[in-house]
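Visitor: Quick one: sequence and predicted model below, then my questions.
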Amino acid sequence: MRVVLVGPPGAGKGTQAQFIASNLSIPKISTGDIFRANVSGGTELGRLAKEYMDRGDLVPDEVTVAMVRDRLGEADAQEGFLLDGFPRNVPQAQILNKMLAEFGTALDIVLELVVDDEEVVRRLAGRRTCRSCGKVWHVAFDPSSKEGVCDACGGELFQRDDDREDTIRHRLEVYQEQTSPLVAFYADEGILQGVDATGPVEEITERAMAELRRFVD
Ligand code: AP5
């Protein structure tokens, strides 16, 4: 199955992507995670992406698209994938459609995680991420048992550079201007499904899986 997750920063795309991808046995491909791994690894791609990410702006399309094209060409993505954070604007969506057509496939469904701006700010301001395994925590909603330490692997928890309140507000503006038009784009294609992304994480996963099971049953 080929799935895209769309939603504002902090909607819970990364949180839900790990459960959905695991339930469906498909790889989760997060452009944000790939950029952050390159920043940590000190690569040229990371150096280029970091200035845009720190401001909360989108990394230029040519850079992002080339990276996704490479990733979708890998063996584990041939039978399906879950894209988290890509596409991020209509030009990227058009290129993705062309790319998949070249591979002889198409997207099955686009899930839009729906949540309001104030909840986004609450979620992102308290987010902590494990430097070793990448697991995402929240200081109030999903705290690790020992502050600053990941329960899953014992790694160090850190706060993302783009999770400062002023940058979060800018990322929300970028989402409204550049990413939210994707909702109409995919609605026109007849593959958009909205999911209420408020409430407990497990309930949101169940709502998303209820939509996705239509394709696997
Ligand atoms: P990216 O990493 O994709 O960031 P984002 O879209 O802003 O999304 P986030 O990762 O901030 O949030 P999320 O929705 O995954 O929420 P999460 O699950 O962590 O992109 C970062 C940057 O990379 C961009 O700004 C851009 O510069 C660049 N980039 C990436 N893709 C690009 C592209 N295609 N083109 C150009 N540039 C690109 O949850 C957030 C918090 O909430 C966590 O603490 C979590 O524990 C908590 N939480 C989750 N669910 C719940 C719940 N139900 N109740 C309470 N708390 C919850």
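Guide: Thanks, I have it.

Visitor: List of residues touching stretch 71-79?
Guide: Stretch 71-79 has contacts (CB atoms under 8 Å, 6 or more residues apart in numbering) with 26-27, 29, 34, 81, 99-100, 103. To be clear about C-beta, it is placed using only N, CA and C from the backbone, and glycine gets the same treatment.

Visitor: And stretch 137-149, by the same measure?
Guide: For stretch 137-149, contacts defined as CB under 8 Å, 6+ apart pick out 123, 126-130, 150-151, 155-157, 201.

Visitor: Farthest pair within those residues?
Guide: Spatial extent of these (CB to CB) is set by the pair 156 and 201 at 22.9 Å.

Visitor: quick one: which of the contacts of stretch 137-149 is nearest to residue 15?
Guide: Closest approach between the contacts of stretch 137-149 and residue 15, by CB to CB: residue 201, at 5.9 Å.

Visitor: residues contacting that closest one?
Guide: Under the criterion of CB under 8 Å, 6+ apart, the neighbours of residue 201 are 12, 15-16, 19, 142.

Visitor: Take the residues you listed and keep only those in helices.
Guide: 15-16, 19 (DSSP state H).

Visitor: and the ligand, which of these reach it?
Guide: Contacts with the ligand within the ones in helices among the contacts of residue 201, counted by CB under 6 Å from any ligand atom: residue 15.

Visitor: How far does the helix or strand in which residue 129 is found sit from its chain's centre?
Guide: Using DSSP states H and E, residue 129 sits in strand 127-130. On the basis of CA atoms, centre = their mean, to the nearest Å, strand 127-130 is displaced by 15 Å from the centre of the chain it belongs to.

Visitor: hmm, the longest helix along the chain touching the ligand?
Guide: Criterion DSSP H: the longest helix present in the chain is helix 201-216. Yes. Helix 201-216 lies within reach of the ligand by CB under 6 Å from any ligand atom, at 201, 204.

Visitor: Same question for stretch 49-59.
Guide: Yes. Stretch 49-59 comes into contact with the ligand (CB under 6 Å from any ligand atom), by way of 52-53, 56-59.

Visitor: Between those residues, which sits nearest residue 173?
Guide: Comparing those against residue 173 with CB to CB places residue 56 closest, at 8.3 Å.

Visitor: can you pull out the helices in the chain?
Guide: 13-24, 31-41, 44-55, 61-72, 90-102, 117-125, 165-174, 181-189, 201-216.

Visitor: Out of those, which is the most enclosed?
Guide: Ranked by mean neighbour count, the helices of the chain are led by helix 13-24 with a mean of 20 (mean count of other CB atoms under 10 Å).

Visitor: ok so, going back, any chance of the contacts of residue 201 in CSV, with distance to residue 186 too?
Guide: Conversion of those to CSV gives the following (distance: CB to CB, whole Å):
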residue, distance to residue 186
12, 19
15, 21
16, 17
19, 22
142, 29
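
Visitor: what's the closest non-adjacent residue to the residue of the chain found nearest the ligand?
Guide: Among all residues of the chain, residue 32 sits closest to the ligand, at 1.9 Å; criterion: CB to the nearest ligand atom. Excluding the flanking residues, the one nearest residue 32 by CB to CB, 6 or more residues apart in numbering is residue 85, at 4.7 Å.
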